[in-house]
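*Asks:* My questions are about this predicted structure, shown below with the sequence.
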Amino acid sequence: MDPAVTYSSYLHVDQLLELQRPRSDGPEHDELLFIVIHQVYELWFKEILHEIDRVKLLLEAGDAHRAQHTLKRILTILKVLVAQLDILETMTPLEFLSFRERLEAASGFQSDQFRQLEFALGRKSRPAIARFPPESRAGKALEQRFHESTLWDAFLAYLAREKYAVPPPLLTRDVTQEIEPSAEMQQILIQVYRNDAKNSEICERLVDLDEGVQEWRYRHVKMVERTIGVKSGTGGSSGAAYLRTTIGSPLFPDLWEIRSHL
Ligand code: HEM
């Protein structure tokens, strides 16, 4: 007979607590915090990806209410992700330096789940896949998401089923490419905002999501500036200068463009 399920056996607590392995001598006190924060991020990335996949299915099924509810959950997680940076900011530059060299070339830049999230939200990149061996978990997951439709594509297909005249080329576009602004789509979205409370709510949740990701990028670069200044990153980029180039470009440009015309 199988032993009774316990809190620990269900959650694999023993294995979980084995996974934080500082590399510094001592080890340095703050390295545990650094590891825990990153691992927690990865778990939340996993959950967000799981929820994005669900939103796409719900939109496909025409279930606007539950799609919105799930988007709300994603946004709530995103708020936690942004708030977590406060914890890391309690680590001073010197405390970080005490173990930084032990990271060698490791960097959040190599988080495949972050890239998967970008892919799912429309920011696809071939070079991001090439960084991983094709047969690895990360390589396979990225390859799959690269070819999958994005959340925006799922939303446009949903609007078409809601009888909006979404331009056909947008419904059959090559989903491996960037999401380009579309004047025709903007006209439709203006109509949604003016006349369709149910679907304008979904638009607002997508704007929340877009803004939330941008907020994370902004807070991350500020944290980087206060922790390592203008030093280059362990991942090999110029550091804060590189990160600043990633701020401010929206995921869903049409939803931002129409604000000036409402
Ligand atoms: C002391 C804390 C941190 C520092 C100093 C830091 C520094 C950096 C730097 C310099 C980069 C640019 C790439 C490179 O050359 O390495 C970067 C990228 C990145 N970091 Fe951090 N980071 C910190 C914490 C975090 C945390 C907690 C996460 C959560 C997962 C994270 C996720 C990322 C991601 C996803 C990128 C890639 C961003 C992009 O390419 O758009 N970082 N980080």
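*Replies:* Ah, there it is.
*Asks:* Which residues belonging to the longest helix belonging to the chain are considered buried?
*Replies:* In the chain, with assignment by DSSP state H, the single longest helix is helix 197-228. Residues 199, 201-203, 205-210, 212-221, 223-224, 227-228 are the ones in helix 197-228 that count as buried (16 or more other CB atoms under 10 Å). For every residue, glycine as well, the C-beta is placed using N, CA and C.
*Asks:* just stretch 70-86 next, same as before
*Replies:* So for stretch 70-86, counting by 16+ other CB under 10 Å, buried means 70, 71, 74, 78, 81, 82, 84.
*Asks:* same question, stretch 119-128
*Replies:* Counting neighbours by 16+ other CB under 10 Å, stretch 119-128 gives 119, 120, 121, 122, 123, 124, 128 as buried.
*Asks:* I'd guessed the fifth one sits against residue 178; true?
*Replies:* What it means is residue 123. Yes: Residue 123 lies in contact with residue 178 (CB atoms under 8 Å); the separation is 7.5 Å.
*Asks:* Which neighbours do those two have in common?
*Replies:* Counting by CB atoms under 8 Å, 6 or more residues apart in numbering, residue 123 and residue 178 have no shared contacts at all.
*Asks:* where do the helices sit along the stretch 101-250 of the chain?
*Replies:* 112-120, 126-130, 137-147, 151-161, 168-171, 183-195, 197-228, 240-245 (DSSP state H, counting those that start in this stretch).
*Asks:* With just CA atoms, put the fifth one into PDB.
*Replies:* It stands for helix 168-171. Provided in PDB are the C-alpha atoms of helix 168-171 (Å, rounded to 0.1, in the frame of the first residue of the first chain):
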ATOM      1  CA  PRO A 168      -7.800  38.400 -42.700                       C
ATOM      2  CA  PRO A 169      -4.000  38.900 -43.100                       C
ATOM      3  CA  LEU A 170      -3.800  39.500 -39.300                       C
ATOM      4  CA  LEU A 171      -5.600  36.200 -38.700                       C
END
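*Asks:* Which strands or helices does it pack on?
*Replies:* helix 151-161 (3 or more CB pairs under 8 Å, 6 or more residues apart in numbering; DSSP states H and E).
*Asks:* chain center to the helix it packs on, what's the gap?
*Replies:* Distance of helix 151-161 from the chain centroid (CA atoms, centre = their mean, to the nearest Å) equals 20 Å.
*Asks:* Which strands or helices does that helix pack on?
*Replies:* Partner elements for helix 151-161 (3+ CB pairs under 8 Å, 6+ apart): helix 31-60, helix 168-171, helix 183-195, helix 197-228.
*Asks:* can you state the direction angle for the longest one and helix 151-161?
*Replies:* Helix 197-228 and helix 151-161 are oriented at 170 degrees to each other (axes from the mean of the first three to the mean of the last three CA atoms, to 10 degrees).
*Asks:* how about helix 197-228, does it get close to the ligand?
*Replies:* Yes: if you take CB under 6 Å from any ligand atom as the test, helix 197-228 does meet the ligand, through 220, 223, 224, 227, 228.
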